[in-house]
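>>> quick one, structure for this:
(chains A and B)
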Amino acid sequence: MRCPGSTERTRGIALNVTGLVLRAAEGGEGGFEAPGPASFDLPPVFSVAGVGVTKPMLQLVLGAVLVFGFLYLAARKRAMVPGRLQFAGEQAYSGVRNGVGRDIIGSRDFMPYVPYLVAMFFFILINNWFAAIPFIQFPTFSRASMAYALAGLSWLVYNAVGIRKHGFLGYLKLQCVPSGVGVALLPLLIPLEFFSNLIVRPVTLALRLFANMFAGHLLLILFAVGGEYLVLHSDNWFYPVAGVAAWIMAIAVSFLELLVQFLQAYVFVLLNATYIAGALADEH
Amino acid sequence: MSYPIPMSAEPSPLAVEPVEVIVALVVFAILFFLIRKFVVPTFEKTFAERTSAIEGGLKAAETKQAEADAKLHELEQQLADARHEAARIREEAREQGAQIVAEMRDQAQSESTRIVEHGKSQIEAERQQALTSLRAEVGALATSLAGRIVGESLEDDDRSSRVVDRFLADLELHEGARTAGDTTGGSTTSGGSV
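Alright, predicted model coming up:
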């Protein structure tokens, strides 16, 4: 499981700041409301047939439109010598096509999965970056259900690919029975392999994406809101200074988050490709 | 410590919201189909065209190179042929020259031999002729001289010619002995005159 270590460090800093803010809150009139899961529970923007449409849902649509618009416009001209837009689109497209698809699934049969991988990567990337885009500033996948959706889809895709290639039992054997292991170890290994290859994968996929987005955004809210509280609601000279420091930290963390957001999209798609490659693998 | 965050009242961030799951799946599905239909084939076509354009350029260059190589080879071949031909012609000319010289030499040799032979035979013939006429003349002269000296007519041809013949035979005999004496005792005569 890949998890950028740098985010762990910032979380540590965040805890210190939380402590500071909480102490400030205790010392004051107890008016500070720390950001929590409720901060991610946005009210519906409008309702369609009794179903509330929330901002993250609109972001999903906007993200899809942006991704398709960019790639479509970049691809459309089909110039032999690409212009700026086409060059950018080609670089982005072939980055996923070659760097993820071909290198991991293998040049023999990666091509059918390229549309899936490309759509997945840019969809997640733009939705993650929404967290840093002014006036949107909300990572879509900090809503766990949306991460569940893509992780569940990934699970369906790689299992379907494996079953189509090896048949149901052949695929189960491929995923659960490691070759080159003594018979005595098999009763121990088969449940483990089954658990790790068929059950845990979608869960970790979803949680990794969700938790990174959730934590990153929570951290930003905390720096911003906590900084504001420290600046506005204190009689101590030190707290406003700490508040300004928190705002500076918020900006620094935003840049770090940009990287994390990119990495999470990349890791999600990379693992998807790895799972598909594993499902396509011949008997090892 | 009592935090002002009522944890129990919070909605779980991990809760499954069916609407969100469905929206995410639908939006992603639409994006996926759009990309599969409009983006990937276009990019792939561009890449393939670019590859074939580059390959076509390379192929054209290769053809040109091959043509140039072939032409160069041909020219080299021609040059070699020409050199070979020149050498052959030179060799032939040398042989011919040698042959001509040899032929000429032969011809000249035979011609000179022939000329020498001819000269020799002519000289011999002339000598014989001279000898014959001389003998006749000398006979007549000697006879008339002797007749004048002797005062006696030596009109008798038969006798006179016999005398002359004897004289000449003597003369020849004497001459033969003198040439033999010349070769052996030439020094005595020369020594005597000194």
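>>> and A:D235, that's in a helix?
No. A:D235: not assigned to a helix; according to DSSP: H, G, I helix; E, B strand; the rest coil it is coil.
>>> next, it: phi, psi?
The phi and psi torsions at A:D235 (degrees, to the nearest 10) take the values phi -100, psi 0.
>>> quick one: the helices in chain B?
Along chain B, counting by DSSP state H, helices occupy B:18-34, B:40-150, B:157-193.
>>> could you dump those to JSON lines with mean neighbour count?
All C-beta spots, glycine's among them, are computed from the backbone N, C-alpha and C. Shown next, in JSON lines, are these (neighbours: other C-beta atoms under 10 Å in any protein chain shown):
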{"stretch": "helix B:18-34", "mean neighbour count": "18"}
{"stretch": "helix B:40-150", "mean neighbour count": "11"}
{"stretch": "helix B:157-193", "mean neighbour count": "11"}
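>>> would you turn the ones you listed into CSV with distance to chain A?
Output for the helices of chain B, formatted as CSV (distance: least, C-beta to the nearest C-beta, whole Å):
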stretch, distance to chain A
helix B:18-34, 4
helix B:40-150, 4
helix B:157-193, 118
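>>> please name whichever of those is nearest to A:V96.
With distances scored as C-beta to C-beta, the stretch of the helices of chain B nearest to A:V96 is helix B:40-150 (10.6 Å).
>>> give the other helices and strands that that closest one contacts.
Taking 3 or more C-beta pairs under 8 Å, 6 or more residues apart in numbering or on different chains; DSSP states H and E as contact, the helices and strands that helix B:40-150 lies on are helix A:55-76, helix A:84-96, helix A:114-129, helix B:157-193.
>>> where among those is average confidence lowest?
With a mean of 66, helix B:157-193 has the lowest mean pLDDT of these.
>>> tell me where chain A has helices.
Counting by DSSP H, the segments of chain A that form helices are A:5-27, A:55-76, A:84-96, A:114-129, A:144-166, A:168-176, A:186-194, A:201-232, A:238-280.
>>> okay, the ones you listed in CSV with distance to A:P44 next?
Formatted as CSV, the entries for the helices of chain A read as follows, by distance: least, C-beta to C-beta, whole Å:
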stretch, distance to A:P44
helix A:5-27, 30
helix A:55-76, 9
helix A:84-96, 33
helix A:114-129, 19
helix A:144-166, 15
helix A:168-176, 41
helix A:186-194, 41
helix A:201-232, 19
helix A:238-280, 25
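>>> please identify the most buried of those helices.
Per-residue neighbour counts averaged over each of the helices of chain A give the maximum for helix A:114-129, namely a mean of 25 (mean count of other C-beta atoms under 10 Å in any protein chain shown).
>>> and the contacts of that helix?
Residues outside helix A:114-129 that contact it (C-beta atoms under 8 Å, 6 or more residues apart in numbering or on different chains): A:59-60, A:63-64, A:66-67, A:70-71, A:92-93, A:96-97, A:100-101, A:139-141, A:146, A:150, A:154, A:157, A:209, A:213, A:258, A:261-262, A:264-266, A:268-269, A:272-273, B:28, B:31-32, B:35-36, B:39-40.
>>> could you give the angle of it to helix A:238-280?
Orientation note: helix A:114-129 sits at an angle of 170 degrees relative to helix A:238-280 (axes from the mean of the first three to the mean of the last three C-alpha atoms, to 10 degrees).
>>> how far off helix A:201-232 does helix A:114-129 point, in degrees?
Taking the same axes, to 10 degrees, one finds helix A:114-129 and helix A:201-232 inclined to each other by 20 degrees.
>>> give me the angle between helix A:114-129 and helix A:84-96.
Angle between the axes of helix A:114-129 and helix A:84-96 is 110 degrees (criterion: the same axes, to 10 degrees).
>>> to what extent is the residue nearest to A:G31 when sequence neighbours are not counted buried, counted in neighbours?
Spatial nearest neighbour of A:G31, excluding adjacent residues (C-beta to C-beta, 6 or more residues apart in numbering or on different chains): A:H233 at 6.5 Å. Neighbouring residues of A:H233 were enumerated by other C-beta atoms under 10 Å in any protein chain shown; the total is 16.
>>> still on that earlier bit, the helices of chain B: which one's closest to A:G83?
Minimum separation from A:G83 across these (C-beta to C-beta) falls at helix B:40-150, 12.2 Å.
>>> distance between that closest one and the chain's centre?
Taking the mean C-alpha point of helix B:40-150 and that of its whole chain, the gap between them comes to 8 Å (C-alpha atoms, centre = their mean, to the nearest Å).
>>> okay, now the unreliable bits of chain A?
Applying pLDDT under 70 to chain A picks out residues A:1-30, A:283-284.
>>> circling back to that earlier point, and the residue nearest to A:G31, how close does it get to A:G227?
Taken as C-beta to C-beta, to the nearest Å, the spacing of A:H233 relative to A:G227 amounts to 11 Å.
>>> also B:V163?
Taking C-beta to C-beta as the criterion, B:V163 is separated from A:G227 by 182 Å.
>>> please apply the same query to B:E17.
When C-beta to C-beta is applied, the distance between B:E17 and A:G227 equals 31 Å.
>>> wait, what's in contact with A:L153?
Residues counted as contacts of A:L153 (C-beta under 8 Å, 6+ apart) are B:L25, B:F28.
>>> centroid residue for chain A?
Averaging the C-alpha coordinates of chain A gives a centre point, and the residue nearest to it by C-alpha atoms, centre = their mean is A:L209 (3.3 Å).
>>> surely it and A:A149 touch.
No. The pair A:L209 / A:A149 is not scored as a contact, 10.8 Å apart, by C-beta atoms under 8 Å.
>>> which residues are there in the stretch 101-250 of chain A that come within reach of chain B?
Counting by C-beta under 8 Å from any C-beta of the partner chain, the positions of the stretch 101-250 of chain A adjacent to chain B are A:114-116, A:118-120, A:123, A:142-146, A:148-150, A:152-153, A:210, A:214.
>>> distance to A:V244 added to the helices and strands packed on helix B:40-150, as a markdown table?
As requested, the helices and strands packed on helix B:40-150 are exported to a markdown table (distance: least, C-beta to C-beta, whole Å):
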| stretch | distance to A:V244 |
| --- | --- |
| helix A:55-76 | 29 |
| helix A:84-96 | 37 |
| helix A:114-129 | 27 |
| helix B:157-193 | 156 |
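>>> so which of the ones you listed is nearest A:G36?
From the helices and strands packed on helix B:40-150, taking C-beta to C-beta, the stretch that ends up closest is helix A:55-76, at 17.3 Å.
>>> other SSEs contacting that closest one?
The criterion is 3+ C-beta pairs under 8 Å, 6+ apart, and the helices and strands that helix A:55-76 contacts are helix A:84-96, helix A:114-129, helix B:18-34, helix B:40-150.
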